[in-house]
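Participant: Next one to model:
(one chain, ligands or ions: 1)
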Amino acid sequence: MDGSEENIDDPSSEEKSEDDSSAHSTAKRAKKSTKEPHQKTFQTKWLSDSRFKGWLKAVPNDKSAAQCVACKCVIKGGNSELVKHSQRQKHIVAVKGVKNSAYR
Ligand SMILES: [Zn+2]
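Facilitator: A predicted model of the protein is given here:
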């Protein structure tokens, strides 16, 4: 009974294989609907995308949507819908209006 505690817990003892979880379903959210062909949730990288920069914002309570601060509307459907929206005449005019008004 000596006081040497050998209780060094290796942090890497837990299995961390969360990269390619295609067939093996780990302890992820076991939802039934795994039919998601495209990621349509809000991507933070969009905020730095030159096409969306300046008018795109995340919707706080809806990750599947983004909002256009220029048109004050919500866009759903992911990247392709955002691109479509960015090409709308109404939107282009609205973005110009935002930039012309005191937007620094
Ligand atoms: Zn817009």
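Participant: CA only for contacts and neighbour counts going forward, please
Facilitator: Noted.
Participant: Alpha carbons of the strand or helix carrying Gln67, as PDB, please.
Facilitator: Here Gln67, judged by DSSP states H and E, is contained in strand 62-68. The C-alpha coordinates for strand 62-68 follow below in PDB (Å, rounded to 0.1, in the frame of the first residue of the first chain):
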ATOM      1  CA  ASP A  62     -33.600  28.500 -38.200                       C
ATOM      2  CA  LYS A  63     -30.400  26.900 -39.400                       C
ATOM      3  CA  SER A  64     -31.900  25.800 -42.600                       C
ATOM      4  CA  ALA A  65     -32.500  29.400 -43.700                       C
ATOM      5  CA  ALA A  66     -30.500  32.500 -44.300                       C
ATOM      6  CA  GLN A  67     -31.600  36.000 -44.500                       C
ATOM      7  CA  CYS A  68     -30.900  38.900 -46.800                       C
END
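Participant: Which residues of the chain lie near the ion?
Facilitator: 68, 71, 91 (C-alpha under 5 Å from the ion).
Participant: okay if I get the residues you listed as a markdown table plus pLDDT and neighbour count?
Facilitator: Shown next, in a markdown table, are the residues of the chain next to the ion (pLDDT from 0 to 100; neighbours: other C-alpha atoms under 10 Å):
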| residue | pLDDT | neighbour count |
| --- | --- | --- |
| Cys68 | 96 | 22 |
| Cys71 | 96 | 18 |
| His91 | 96 | 20 |
